[in-house]
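1. Predicted model follows, preceded by the sequence.
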Amino acid sequence: MKYTTLPQTDIEVSKICLGTMTWGRQNSLEEGHEQMDYAFDQGINFFDTAELYPVPAQKESYAATEEIIGKWFAKTGNRDKVILASKIAGRAEFTKFIRNTGFSKDSIIEAVEGSLRRLQTDYIDLYQLHWPERTTNYFGERGYKHDISDHWQDNIHQVLETLRDLMKEGKIRHVGLSNETPWGTMRFLEESKVHASLPRMITIQNPYSLLNRLFETGLAEISMRENIGLIPYSPMGFGVLSGKYLGGMKPANARVTLFPNYNRYSGENATKATQKYFDLAQAHELSLAQMSLAFVNSRPFVTSNIIGATNMKQLKENIASIDVKLNEEVLLGIEAIHDEIPNPAP
């Protein structure tokens, strides 16, 4: 395994981060524990979860993923050996069953306390805002359209104050963003620069893959100049970049098969691009999955790459991508495809 540090800290994390969002719905407690056992044995010390998981979100399985992780900590005693990240759910129609979601002081405190209880821990190493409270473009929305009906009031100072107080209590160590835009990222950074007592966002968890490199448009420069590290999710594009859906295939128990509305990476152009990336990988005797992950691993703004799997074969292949180094010919081939079909998935 390779390691890096969380920006602005001396906390060492594995370059591969274990994603957990299928545990409790597509995966059982036993399967989740098997994945954690294997990943930990391979040197992965960074786990990412969220109160919303598993997804798709539903009242019946709310926060089951955190409970599965908490039981693993209790069973193994490995809490102090793992850097743990979790997230507070934002405002949305599909989160109304959780509580009055949003980032009010009471909501943040309630979310943190609930996560700590389920995770069977006294602290969370990295606590993230899962998506913006305001109406903006995220979760597959490519362009920003201003919504005059959104009456969000800029409460970023108050959000950071609440997070600061939780840090002082020792309940969270550091804070980060997720599904955030360049404006939102800089707004948070600006507030902590102007008010030195407020905590600084150190990471951003946004989608990034061969099919969606939109992070490079505005956020990559922010990441490099402001030292706020990307923790990319969906580096496999919901599994599309394994090639298993090519030719119209619908493998049993696969995410897009089970949840066809998860079609963000399945459009016509995305399918064409995936076929081209598959052919490139084959020509260089690489699996498409490992080429896709190795590309993300190599980006200078990436702190740790979140991989997820629903079976052990996938997990082993994904983790092994850390040892794959793409040569110049492969990288040039990737850029040629990207130039031809840029960002086919939003």
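-> Cool, got the structure. The shown structure was predicted, so the numbers you read here are calculated from the model rather than taken from an experiment.
2. show me what contacts the closest residue to G19 other than its chain neighbours?
-> Distances taken as Cβ to Cβ, 6 or more residues apart in numbering place G308 nearest to G19, at 3.5 Å, with adjacent residues excluded. For every residue, glycine as well, the C-beta is placed using N, CA and C. For G308, the contacting residues are 18-22, 236, 318, by Cβ atoms under 8 Å, 6 or more residues apart in numbering.
3. Nearest to L189, out of those: which one, please.
-> Closest to L189 out of the contacts of G308 is G19 (25.6 Å), distances taken as Cβ to Cβ.
4. isn't the closest one right up against T310?
-> No. Under the criterion of Cβ atoms under 8 Å, G19 makes no contact with T310, lying 10.9 Å away.
5. Which of those two has more residues huddled nearby?
-> Each of G19 and T310 had its neighbours counted (other Cβ atoms under 10 Å), and the higher figure belongs to G19 (26 against 19).
6. which parts of the helix or strand harbouring L331 are buried?
-> Taking DSSP states H and E as the criterion, L331 maps to helix 328-340. Going by neighbour count (16 or more other Cβ atoms under 10 Å), the buried part of helix 328-340 is 330, 333-334, 337-338.
7. Give the burial count for the closest residue in space to G43 that isn't next to it in sequence, as a bare number.
-> Closest residue in space to G43, ignoring its immediate chain neighbours: M1 at 3.0 Å, by Cβ to Cβ, 6+ apart. By other Cβ under 10 Å, 13 other residues sit near M1.
8. which residues are contacting the helix holding L331?
-> By Cβ under 8 Å, 6+ apart, helix 328-340 touches 210, 213, 273, 276-277, 280, 283-284, 286, 291, 295, 326.
9. Can you tell me which of the residues you listed has the most neighbours?
-> Highest neighbour count within these, by other Cβ under 10 Å: L210, with 29 neighbours.
10. related to what we said a few turns ago, ok, the residue nearest to G19 to P207 distance?
-> Distance from G308 to P207, counting by Cβ to Cβ, to the nearest Å: 13 Å.
11. check which helix or strand covers M186.
-> Counting by DSSP H and E, M186 is part of helix 182-194.
12. Just the residues contacting stretch 30-42, thanks.
-> Contact with stretch 30-42 is made by 1, 16, 18, 20, 23-24, 27, 47, 65, 68-69, 71-72, 75-76, 78, 81-82, 309-312, 315-316, 319, as judged by Cβ under 8 Å, 6+ apart.
13. hmm, try it at 7 Å
-> 1, 18, 20, 23, 68, 72, 78, 309, 312, 315, 319 (Cβ atoms under 7 Å, 6 or more residues apart in numbering).
14. what pairs with the second one across the strands?
-> Going back to what we said before, that points to L18. Here L18 sits in beta bridges with F47, I307, going by DSSP bridges.
15. contacting residues around it?
-> Counting by Cβ under 7 Å, 6+ apart, L18 makes contact with 36, 39, 44, 46-48, 307.
16. what's the answer for the first one, then?
-> M1 is in contact with 14, 16, 42-44, 322, counting by Cβ under 7 Å, 6+ apart.
17. Out of those, list just those in helices.
-> Among those, none falls in helices (DSSP state H).
18. can you put those in TSV and add pLDDT and neighbour count?
-> Below are those laid out as TSV (pLDDT from 0 to 100; neighbours: other Cβ atoms under 10 Å):
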residue	pLDDT	neighbour count
S14	98	24
I16	98	26
Q42	98	16
G43	98	14
I44	98	25
I322	98	21
